[in-house]
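A.B. asks: here is a sequence together with a model predicted from it:
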Amino acid sequence: MTDFCERLNEWKGNRLMPMIISKSGWLGLAFFSSFLLMAALSPVLAPYDPWYRFEPYLPPDELHLLGTNDLGQDILSELIFGSRASVIVGFGAALMSTAIGTAAGLVSGYFRGMADEIIMGITDIFLMIPQIPLIIVLAAFLRPSLWLVALLMGCLWWTSTARVVRSKALQIRETGYVQANRSLGFSSLHIMLSDVLPNITHVVMPKFLLSIASAMIAEASISFLGLGDPTMKSWGMMINFAFSRGGFLNGLWWWYMAPGLCITLFVLSVVLLGSMLEERESVSLRLQ
Amino acid sequence: MSLTGRKAARYFIAIFLIITFNFAIPRSMPGDPLTNLLGEDVILSDSSVQELRSKMGLDKPLWQQYIEYWQSILRLDLGYSFHLHKPVSILLQDRMKWTLLLAGPALILGSALGAILGARAGWRSGSRREKVHTGILLAVYCTPPYFLSLISLYLFSFQLGLFPLKGLYSTGSAADIAHHLLLPAVMMTLFTLSRNYMIMRGSVLQEKSSLYAAFARAKGLYDEQILFRHIFRNALLPIITLLALDFGFILSGALFIEIVFSMNGMGSLIYDALLSRDYPVLQGSFLIITIMVVSANLLADLLYSRLDPRVKWE
């Protein structure tokens, strides 16, 4: 008999977004690496200091390619520095959620029994918590900072990784090499780390990329609510200011269009890359 | 423990944890718990601070406060917003219906359309039309819902003047409300649709290569018949689960769409509460959203056992 959750595990264990077009995967890679470069080299690339004040509400011209905002800050420079917030939160949250998820899934799938019951029970409960509202409430009480947001997301988003890893670990623990190592008397920890884990990385990788994508969308949403880090530029916050400080009503579309498109393109590039990896993984499965 | 017992336990523990968590937040966060409970812009004299402190039970031991908190929750008392001068439960009731009016129809329409379009796309994967559809919907999928709403608001209301710029109604007639609601509802539908499309497409792609599909083809059924009579039903199963899990995310999307369109729903309530640091409203909204998401999961769980004869509740 198939239980609701087992069906879910089965499903979640498979690829979420099958191949789009593999050419687009390379396109994704190109965009992704250019955004990463933009974040790494923002002081070099940005024409001005993003906090320096020029004349406010300037329309785009050759000195300020995207004009200036309500405080007179150069929007293009803000845009370039804003990529850092997305990268920090995206990678921070994804690294953390992948680490927690992999550990939980490994233990759960390898040991089965009681450990599995408990970990999967916790996963089910975590899955039901509405994450963005929870982050909003916590961020409202605490002083907002990017690291806090990344930390919270990491603590909340490990569940789907845990399920994928678990279902893979359940398969791998029955293979000959794991059985052989067990009969040779290697410790469970050793088997998990040196036999099971290396065979799981290829399913963890696309999950990792997809977590980066959701974390970046969530970061943009939270800073749109004004809960972003006030000491850092972020695309969500730029849209928030454009929306709440008259940029929208006065038709200054470049002010919010540029950061919005950047969010979409960055997320899209990560998703394309992730689905390319997922597709590769399923092709190699078919060939086996 | 039986399966039913285990499942029921999961839902109870989730609700229990969230309520406990809600109790703990204002009492454990930095700052005075009284400020954390009342909201930041409430200014009180010293004597009324003392009075309120004892009235809210903050001078009692923690376990007693916890029991009293549960009692008030069971009375549906979610606290009082000093900022808006209304009990939170009444505020939420008032705003909730607008959010549901926006999210409900969009959710149903978006899921249905997403499932059908996604199924076709999965069936004909690789065709030019499918690639275009998937490309567009993938872009929608990757866009934060509020940005999508901003673009549409700029295009259709600001530039073309087809729709009102903000609010829910100006005269209050049904046609007027529909006129105000149309654009946000379309955005909400598109947002839901893109998520369901992706899931359904993947689901059909997997089912397509199964043996029963090959058998249906060998029997000489038409493509449409194989897809909608045989594959669709099986591919729909994971969608129900994922839809329930996605419900929280979609609801959050509705909140953001409301903020952009300045509609009087939960989203704007939360946004205003954030600006004025009106903590009781924030916490009450969070609690209600959680309860809605947990109920959606319960519903999906029940529905699933109905639709899939292999699943039975013991």
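C.D. replies: Everything's here; your move. As the structure is a prediction and not an experimental result, all values here were calculated from the model.

A.B. asks: where does the prediction get shaky in chain B?
C.D. replies: Within chain B, the stretches with pLDDT under 70 are B:1-3, B:40-44, B:165-172, B:309-314.

A.B. asks: can you give me the helices in it?
C.D. replies: Taking DSSP state H as the criterion, chain B carries its helices at B:3-28, B:33-38, B:46-55, B:62-74, B:88-123, B:128-141, B:145-152, B:174-208, B:211-218, B:223-225, B:232-260, B:266-275, B:279-307.

A.B. asks: let me have those in a markdown table, extended by mean neighbour count.
C.D. replies: Where you see a C-beta, it was placed from the backbone N, CA and C, and this is true even at glycine. Below are the helices of chain B laid out as a markdown table (neighbours: other CB atoms under 10 Å in any protein chain shown):
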| stretch | mean neighbour count |
| --- | --- |
| helix B:3-28 | 16 |
| helix B:33-38 | 19 |
| helix B:46-55 | 12 |
| helix B:62-74 | 13 |
| helix B:88-123 | 20 |
| helix B:128-141 | 16 |
| helix B:145-152 | 24 |
| helix B:174-208 | 21 |
| helix B:211-218 | 13 |
| helix B:223-225 | 12 |
| helix B:232-260 | 22 |
| helix B:266-275 | 22 |
| helix B:279-307 | 20 |
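
A.B. asks: can you lay out those as CSV showing distance to residue B:80?
C.D. replies: Listed next are the helices of chain B as CSV, based on distance: least, CB to CB, whole Å:
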stretch, distance to residue B:80
helix B:3-28, 14
helix B:33-38, 8
helix B:46-55, 10
helix B:62-74, 11
helix B:88-123, 7
helix B:128-141, 40
helix B:145-152, 30
helix B:174-208, 30
helix B:211-218, 59
helix B:223-225, 58
helix B:232-260, 22
helix B:266-275, 13
helix B:279-307, 6
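
A.B. asks: these: which one's closest to residue A:230?
C.D. replies: For residue A:230, the closest of the helices of chain B is helix B:266-275, at 14.0 Å, according to CB to CB.

A.B. asks: any idea how far that closest one is from the chain center?
C.D. replies: Distance of helix B:266-275 from its chain centroid, counting by CA atoms, centre = their mean, to the nearest Å, is 16 Å.

A.B. asks: what's the local residue count around residue A:49?
C.D. replies: Counted with other CB atoms under 10 Å in any protein chain shown, residues neighbouring residue A:49 total 12.

A.B. asks: ok, residue A:187 next?
C.D. replies: Counted with other CB under 10 Å, residues neighbouring residue A:187 total 10.

A.B. asks: residues contacting it?
C.D. replies: By CB atoms under 8 Å, 6 or more residues apart in numbering or on different chains, the contact list for residue A:187 is empty.

A.B. asks: any idea how far residue B:274 is from it?
C.D. replies: For residue A:187, the distance to residue B:274 equals 50 Å [CB to CB, to the nearest Å].

A.B. asks: again, but for residue A:265
C.D. replies: Residue A:265 is 28 Å from residue B:274, by CB to CB.

A.B. asks: next: residue A:184.
C.D. replies: Taken as CB to CB, the span from residue A:184 to residue B:274 is 58 Å.

A.B. asks: what does residue B:18 give?
C.D. replies: Using CB to CB, which is the criterion applied here, residue B:18 is 20 Å from residue B:274.

A.B. asks: same thing with residue A:121?
C.D. replies: Using CB to CB, one gets 33 Å for the distance from residue A:121 to residue B:274.

A.B. asks: around chain A, pick out the residues from the stretch 151-300 of chain B.
C.D. replies: Residues of the stretch 151-300 of chain B found near chain A (CB under 8 Å from any CB of the partner chain) are B:151, B:153-154, B:158, B:198-199, B:201-203, B:205-206, B:237-238, B:241-242, B:245, B:248-249, B:251-252, B:255-256, B:259-260, B:270-271, B:274-275, B:277, B:279, B:282-283, B:285-286, B:289-290, B:293-294, B:297.

A.B. asks: ok, which residues in the stretch 1-150 of chain B are in contact with chain A?
C.D. replies: B:3, B:6-7, B:10-11, B:13-14, B:17-18, B:25-26, B:29-31, B:36, B:125, B:131, B:134-135, B:138-139, B:141-144, B:146-147, B:150.

A.B. asks: for chain A, give me its nearest residue in the stretch 101-250 of chain B.
C.D. replies: residue B:248 (3.4 Å; CB to the nearest CB).

A.B. asks: surely that residue and residue B:293 touch.
C.D. replies: Yes - counting by CB atoms under 8 Å, residue B:293 is a contact partner of residue B:248 at 4.3 Å.

A.B. asks: overlap in contacts of those two?
C.D. replies: With CB under 8 Å, 6+ apart as the test, residue B:248 and residue B:293 both reach A:128-130.

A.B. asks: which of these has the largest number of neighbours?
C.D. replies: Comparing the shared contacts of residue B:248 and residue B:293 by number of neighbours (other CB under 10 Å), residue A:128 comes first, having 26 neighbours.

A.B. asks: got the buried residues for the helix or strand harbouring residue A:216?
C.D. replies: Assigned by DSSP states H and E, residue A:216 falls within helix A:201-224. Using 16 or more other CB atoms under 10 Å in any protein chain shown as the test for burial, helix A:201-224 gives A:203-224.

A.B. asks: what's the answer for stretch A:27-39, then?
C.D. replies: For stretch A:27-39, by 16+ other CB under 10 Å, it's A:27-28, A:31-32, A:35, A:38-39.

A.B. asks: starting at the chain centroid, how far to it?
C.D. replies: Relative to the chain's own centre, stretch A:27-39 is displaced by 15 Å; criterion: CA atoms, centre = their mean.

A.B. asks: swap in stretch B:10-22?
C.D. replies: So, by CA atoms, centre = their mean, the centroid of stretch B:10-22 is 18 Å from its chain's centroid.
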